[in-house]
Structure formats: C-alpha cells, structure tokens
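A.B. asks: Need the 3D shape of this:
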Amino acid sequence: MRVEKSVFICYRRANYHTALAVFQHLEAHGYDVFLDYKSIPSGDWRQFILKEISARAHFLIILTPSMLERCINPDDVTRMEIEHAIAQKRNVIPLFFEGFKFSAATDQYLSPAMKALPNYNGTNIYDDLFDASMERLRTQFLSRPLQVVLQPVSAQAQAAAADLQRETRSAPAPTDAQRKAEVWYERGFADYVDGRHNDALEAFARALSLKPDHVEALYWRGHTYRLLDRRDDAINDWMEALAHTTEPGMTALLWSNVHRLRGNFVRALKEADKAVVLQPTNVDWLRNRGNIRADAGDYDGAIADFNEALRLNPSFALAYSNRGLAWLNKGEYDRAIADFNEAIRLNPSDASAYNNRGRARGEKGDYDHAIDDYNEAIRLNPSYAMAYNNRGVSWNNKGDKRAAIADYEAALRIDPNHALAKQNLERLRKR
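C.D. replies: Predicted structure coming up:
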C-alpha cells in the first residue's frame, strides 16, 4: 500500500466556488486534482468522467443541503459519479459543508447503489476555518496508505483531462463574496426544506445581495414566496432567474412556474411538457407537471404523472405526498391516507405529510387522529401556520371552540396574512 495523491471532486454547479477553493488548496499542496470546470469534453463525456474517477484514488463529495436532492433522478450526473466511485471502491470522502448531516430526509434521495454513502467517514469543512479544515482533510483522510487499483486511461483522455485541469488552474481564486453567497444559498435551502420560510427568505436575500444572478437562489426563493402565498414576489424572482439562464430545461421549468401562478395552466403545461421531453426521467419535473395538472383540476392526469415518477423512483416521498393530495381532492380519502403513510415512512421529518394526512383523516370525521397528525406537524415545524389552522378546524368540529380560537390565533401570530385562519376566526367569533 502507498499514499496516493490523485483526487476527483464531485460537486454541484451551485457550489462551484466552494469546489474551486478545495481544488486550489489541494493543488497548492501537491495533489493531482480533477474538477469538471465549466467546459465538458466533446464526445461521450459521461464515459470520460467515469474513467477519470476510476483513474484517481480519492473521491471527494462536496455535501451541502442541496447536493443530494437531484439524485432522485436516474440520469442525474452527480448520482452517476457517486455510484461509480462506490462501485470502483475509491476512497470516498464526504466533505460536510453548512452543517450537512445524513438523515431520513436525505436518505430518500439515495439510490440503492448510494445507500452505503452515509457509512463512509467524512469531515466537516467550516467556511470560517477553511484552511484548518482542509489541513485536517489532508493529514487525516488523504495521507493514509491505500490499496486501490487505478484504471489507466487513453492518451487522448489524459490530454483532455490535462486541458481541463489547466483551465481550472487558470481560474481566479474565489472571492469572499462568492464563497459567502454559496454559504447563504445553502442555508436558505436548508431552511426552505425544514419549513422555516422566513429564515429561508432572509438567507436567500443575503445570497442574492452578494450574487444577484444566483439562479438557484432566485428559483428557491420564488418557491418560498409561493408557499407564503406571495405570488407576485415569486413570479418576480422567477422572471429574474430567466434573465440569467439559457439552460433549456431550467428555462421551461421557470416559465411553467410563472404561468402556473398566473393561473394560465394551458401555457404552464406546455412549458412543463418541454421540460419533461428534455429529461423524461427527471422525476421532479414529472412531479412539477403533475402539480400543474392538479391545480387545473385534472387530478387523473396529475396522478398519472406521479405514478410515472414513482415508477422511475419508488422512494420519492414527495411524489407520494403529491399523489395523496390528488386523491384527497378526488375525495378518495383512504387512498390519500395510504400515500401519506408511505411519504411519512420514507421521510418521517416531513411536516407537510403529517398535515395532509390530518386533512384526509378530518374529512373522514376522524378528528382525534387528525389532531394527532397536526400535533406532529407542529412539533416538526413550530412555524407551520397552516397546521395550526387545520388543527383549529378539527377542534371546532369536535365542539371545542376555545381550542379552535387558540389555534387560529397562533396561525395568525406566525402569518398575520393567513387568509384561512382569518376567515375561520371571524366566523367562529360571530357565532
């Protein structure tokens, strides 16, 4: 066994400057590092990437809150890279940024071939202690003697890799603002996923103050506004994102969201169709089209899209949740509850799945179990105004006016503009 100094860095474009900082640090300390920087070689670039992984001993994964989300898609490149590194028995080292931790929420994104990923020893990389964190990576993780078989690559592939490495080396060092923008984006994404919408808005705003053309921050802040029923703000963010991207799939996805919030479902579906044609195995884009169909009242068409997403990825918790909502809207409450049960099994920390199961149970008149679900939703997300409102509805249906008023008031303390809570509270007080 010997100490190997060849490294492949796996990352998302949203974290490019973070990955570049890792590349430059390791290169400065004598490592041979490959980072897919901007350009992709002509020809079969996927095979090119896989051969580079096989030719290198160490496989570093930049793990941030947003990193694994797209691994639900069978054709996702990052998923392909990770699966190949595990299969090739590379020295896989997860680098945890922005407090990333494996959990039930992240496990749902792992394909069967990626399920071993949480078992690999990783290390935290702290932005404000970057050099010290990287020194620990070098001395404790990269300096161990390894027994790995490095696969040779052709002279042509070596030349292409060398060209990419030269291009990466010529890139200017990331500025503090560029790194901080990525930090704030990841914090915003984590807050969005956890349902802390006001915190997410603040974090995304900080990211965008440093990098106004951050398409991912604009995209997810738009969805945060959507969940808060701030439609004009959501549309404004997506229109701004459209001004900064030329990627066909993202362009179609953004337009589909804009038209959806404007209530133009015909145009929204046309754009969603474009996205699905570009990436027919992208389960999140199938889910997006299903949600547009559901908004348009086409619940059967929505269920067909969710079915296809689940055929491609049977562990896609959000597709179960969304299909459950479609069944709920069709009045098929038992099927809705079955889907919410599966969503909760796959992701027990999803407060919205508990909230929606509570709605289905409430529709069946099972108010006690509905309240149990709302209690769990609120425990998982104490700022979940809709869960307070819905629990208030169940208390009211049980005849407990005082508890109902308390919940409606709690919802309005969280969101003073919550229309349903306002309406329910006014009706109850007039009785």
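A.B. asks: quick one: the strands in the stretch 101-250 of the chain?
C.D. replies: 123-124, 145-146 (DSSP state E, counting those that start in this stretch).
A.B. asks: Pull up the pairing partners for the first one, direction included.
C.D. replies: This means strand 123-124. Within its sheet, and counting by DSSP bridges, strand 123-124 is paired with strand 91-96 (parallel).
A.B. asks: So which bits of the helix or strand containing Val266 are buried?
C.D. replies: Under the assignment given by DSSP states H and E, the secondary-structure element containing Val266 is helix 265-278. Counting neighbours by 16 or more other C-beta atoms under 10 Å, one finds that the buried residues in helix 265-278 are Phe265, Ala268, Leu269, Glu271, Ala272, Lys274, Ala275, Val276, Leu278. (Glycine included, C-beta is placed from N, CA and C.)
A.B. asks: Next: stretch 93-109.
C.D. replies: Neighbour-count burial for stretch 93-109, counted by 16+ other C-beta under 10 Å, picks out 93-98, 100, 102, 105-109.
A.B. asks: Give the residue spans of the stretch 251-400 of the chain that score low on pLDDT.
C.D. replies: Low-confidence segments of the stretch 251-400 of the chain (pLDDT under 70): none present.
A.B. asks: domain assignment for the chain?
C.D. replies: The record's domain parsing of the chain by automatic domain parsing lists 2-174, 175-245.
A.B. asks: Indicate which one of those domains is closest to Asn282.
C.D. replies: domain 2-174 (5.0 Å; C-beta to C-beta).
A.B. asks: who touches the most centrally placed residue in the chain in this structure?
C.D. replies: Among the residues of the chain, Glu69 comes closest to the average C-alpha position under C-alpha atoms, centre = their mean, at 3.8 Å. With C-beta atoms under 8 Å, 6 or more residues apart in numbering as the criterion, the residues that contact Glu69 are Tyr109, Asp284.
A.B. asks: how near is it to Thr18?
C.D. replies: For Glu69, the distance to Thr18 equals 16 Å [C-beta to C-beta, to the nearest Å].
A.B. asks: cool, and Ala403?
C.D. replies: Ala403 is 48 Å from Thr18, by C-beta to C-beta.
A.B. asks: the more surrounded of these two?
C.D. replies: Thr18 (26 against 16; other C-beta atoms under 10 Å).
A.B. asks: Give the next helix or strand downstream of whichever strand or helix holds the more buried one.
C.D. replies: Secondary-structure element containing Thr18, defined by DSSP H and E: helix 16-28. Stepping forward along the backbone from helix 16-28, the first helix or strand reached (DSSP H and E) is strand 32-34.
A.B. asks: what lines up beside that next one in the sheet?
C.D. replies: Sheet pairing of strand 32-34 (DSSP bridges) gives strand 6-10 (parallel).
A.B. asks: Pull stretch 249-269 out as PDB, backbone CA atoms only.
C.D. replies: Taking C-alpha atoms only, stretch 249-269 is exported to PDB below (Å, rounded to 0.1, in the frame of the first residue of the first chain):
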ATOM      1  CA  GLY A 249     -34.700  22.700 -19.100                       C
ATOM      2  CA  MET A 250     -34.500  25.300 -16.400                       C
ATOM      3  CA  THR A 251     -36.000  27.900 -18.700                       C
ATOM      4  CA  ALA A 252     -39.000  25.700 -19.400                       C
ATOM      5  CA  LEU A 253     -39.300  24.900 -15.600                       C
ATOM      6  CA  LEU A 254     -39.300  28.500 -14.700                       C
ATOM      7  CA  TRP A 255     -41.800  29.500 -17.300                       C
ATOM      8  CA  SER A 256     -44.100  26.700 -16.200                       C
ATOM      9  CA  ASN A 257     -44.000  28.000 -12.600                       C
ATOM     10  CA  VAL A 258     -44.700  31.600 -13.800                       C
ATOM     11  CA  HIS A 259     -47.700  30.600 -15.800                       C
ATOM     12  CA  ARG A 260     -48.900  28.300 -13.100                       C
ATOM     13  CA  LEU A 261     -49.100  31.100 -10.500                       C
ATOM     14  CA  ARG A 262     -50.700  33.400 -13.100                       C
ATOM     15  CA  GLY A 263     -53.400  30.800 -13.500                       C
ATOM     16  CA  ASN A 264     -52.600  30.100 -17.200                       C
ATOM     17  CA  PHE A 265     -52.500  26.300 -16.900                       C
ATOM     18  CA  VAL A 266     -52.500  25.700 -20.700                       C
ATOM     19  CA  ARG A 267     -49.300  27.600 -21.100                       C
ATOM     20  CA  ALA A 268     -47.900  26.200 -17.800                       C
ATOM     21  CA  LEU A 269     -48.400  22.700 -19.100                       C
END
